[in-house]
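K.L.:
Would you be able to build a 3D model of this:
(4 chains)
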Number of protein chains: 2
Amino acid sequence: MTDRKGSNAIPIRTALTNEDGVDLAIIELLFFAYRDFTSDPDQMLAEYGFGRAHHRVLHFVNRMPGLTVAELLDVLKITKQSLARVLKQLIDTGHIVQVPGPRDRRQRELYPTEKGRALMLDLARPQSRRILAALGESSATEREGIERFLKAMVNPELRAQIDNLPGNTSGKGHGDE
Amino acid sequence: MTDRKGSNAIPIRTALTNEDGVDLAIIELLFFAYRDFTSDPDQMLAEYGFGRAHHRVLHFVNRMPGLTVAELLDVLKITKQSLARVLKQLIDTGHIVQVPGPRDRRQRELYPTEKGRALMLDLARPQSRRILAALGESSATEREGIERFLKAMVNPELRAQIDNLPGNTSGKGHGDE
DNA sequence: TAAAATATGTCAACAAGGCTGACATAAATT
DNA sequence: AATTTATGTCAGCCTTGTTGACATATTTTA
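P.N.:
Numbers count the residues shown, from 1 in each chain, chains lettered A, B, ... in the order given. As a prediction, this is how the structure comes out:
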């Protein structure tokens, strides 16, 4: 009897707690925090017929104007077919424009339009407000601790990408290299 | 000419930076951190034919054994139809069992089985390891700062739910009230 | 006790946003 | 001239969310 579901399916009535050697507190906090963090822009995006995927594309095109499709795929870690759908919509609605790469004309450099920049800022504002409120009375040192923690949660290979975003401590930016 | 996409779609070539009054640094850190945070269990779950939704259900059933379907829906903030699919699979595979509520027999109390407890722990371990590594040299005070920040990111109405999870500072737990 | 409300389950259909595989085109590289 | 590269696109699949409708058992209420 392999008992996939049968007789020994005895209910465990004791709750798993932080004492079980696993950091349940932060695991759960990340889940709840991220869910609510994304909820503000999600609501706004729905009015445009956009989703979270559009938001991410719009965000990074605004942060790294002129990036190529391949570079964007590398930041987002999705396939080009996934990107194609949402990128097409953002182009069709005039939020993003494509410009043939000057050096390599196979490439398409992606830039936000005025409209795309405005939408990106609209989406970022409630998130920024939430973050500011959550930081509350935090000192600059505490903020550094939070940023350091979040960055350390990212896979090491990808931390360089974060540094290369414009205005971030180490990197010299992306725009006009 | 409404110009949905036309002549004035001029590419903006300047990158949006932290100086634009929006906290781009933490916005991006949350995106990257959460993506990588979920990637470890996602990979493991794929081997079982499960997804992130199964993980969440399994997690909270282990954390609050005996919760009812309605309570679980309230924690996850999804519809019962969404829950039904994944819950059914978890029950069919013997990870979770249902027990008729003793007071109200319409209710189904949800409990993990030994198998469900084991899987939940397996999934939590890499996440916990990542968190521990990210905390690194952080002091207890820094950790508190991080937890306080994350909790403050959650919508205020829902913070009580977090406190009521077993082992969390204020709440007196859920199990055998 | 009969009627209404509640907790849960289930069917059907739909959408977003991931995925894979295959193939086309233009441009650059070899 | 042949190959590789960057991008686009078609078709189909999967997970996980959604809504609406309806069935069943049980509890509560009138």
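K.L.:
near DNA strand D at all, the longest helix seen in chain A?
P.N.:
Secondary structure of chain A per DSSP state H: the longest helix is helix A:24-48. No: using CB under 7 Å from any atom of the strand, we find that helix A:24-48 stays clear of DNA strand D, coming within 9.6 Å at best. No exception for glycine: its C-beta is placed from N, CA and C like everyone else's.
K.L.:
So what touches that helix?
P.N.:
For helix A:24-48, contacts defined as CB atoms under 8 Å, 6 or more residues apart in numbering or on different chains pick out A:16-18, A:51-52, A:54-55, A:93, A:119, A:122-124, A:126-127, A:130, B:30, B:33-34, B:37, B:56, B:59, B:63, B:77, B:124, B:127-128, B:131, B:146-147, B:150-151, B:153-155, B:158, B:161-162, B:165, B:167-168.
K.L.:
What backbone torsions are found at the most centrally placed residue in chain A?
P.N.:
Nearest residue to the geometric centre of chain A (CA atoms, centre = their mean): residue A:56, 5.9 Å. Reported as degrees, to the nearest 10, the phi and psi values for residue A:56 are phi -60, psi -40.
K.L.:
circling back: can you tell me which of the contacts of helix A:24-48 are up against DNA strand C?
P.N.:
Applying CB under 7 Å from any atom of the strand to those, one finds that A:51-52, A:54 fall near DNA strand C.
K.L.:
Take the residues you listed and keep only those in helices.
P.N.:
Checking these against DSSP H, those in helices are A:52, A:54.
K.L.:
Looking at the ones next to DNA strand C among the contacts of helix A:24-48, which is nearest chain B?
P.N.:
residue A:52 (10.0 Å; CB to the nearest CB).
K.L.:
Can you give the distance of the longest helix of chain A from its chain's centre?
P.N.:
Put simply, helix A:24-48 sits 11 Å off its chain's centre (CA atoms, centre = their mean, to the nearest Å).
K.L.:
can you give me the angle it makes with helix B:24-48?
P.N.:
Put simply, helix A:24-48 runs at 100 degrees to helix B:24-48, going by axes from the mean of the first three to the mean of the last three CA atoms, to 10 degrees.
K.L.:
For helix A:24-48, the averaged confidence score.
P.N.:
Mean pLDDT, computed over helix A:24-48, is 96.
K.L.:
residues of that helix that come out buried?
P.N.:
Within helix A:24-48, the residues that count as buried by 16 or more other CB atoms under 10 Å in any protein chain shown are A:24-38, A:40-41, A:45.
K.L.:
Same list, the ones next to DNA strand C among the contacts of helix A:24-48, but as JSON lines with distance to residue B:112, neighbour count and pLDDT please.
P.N.:
JSON lines is the format used below for these (distance: CB to CB, whole Å; neighbours: other CB atoms under 10 Å in any protein chain shown; pLDDT from 0 to 100):
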{"residue": "A:51", "distance to residue B:112": "33", "neighbour count": "14", "pLDDT": "96"}
{"residue": "A:52", "distance to residue B:112": "31", "neighbour count": "13", "pLDDT": "96"}
{"residue": "A:54", "distance to residue B:112": "38", "neighbour count": "23", "pLDDT": "98"}
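K.L.:
And the strands in chain A?
P.N.:
A:67-68, A:96-100, A:108-112 (DSSP state E).
K.L.:
would you list every one of the helices in chain A?
P.N.:
So, for chain A - with DSSP H - the helices run A:24-48, A:52-63, A:69-76, A:80-92, A:114-135, A:140-153, A:159-163.
K.L.:
Looking at those, which is nearest to residue B:97?
P.N.:
Each of the helices of chain A has some distance to residue B:97 by CB to CB; the shortest is helix A:24-48, at 21.6 Å.
K.L.:
tell me the angle the closest one makes with helix A:140-153.
P.N.:
Here the directions of helix A:24-48 and helix A:140-153 differ by 90 degrees (the same axes, to 10 degrees).
K.L.:
Can you tell me how far residue A:65 is from residue A:55?
P.N.:
Using CB to CB, to the nearest Å, residue A:65 is found at 17 Å from residue A:55.
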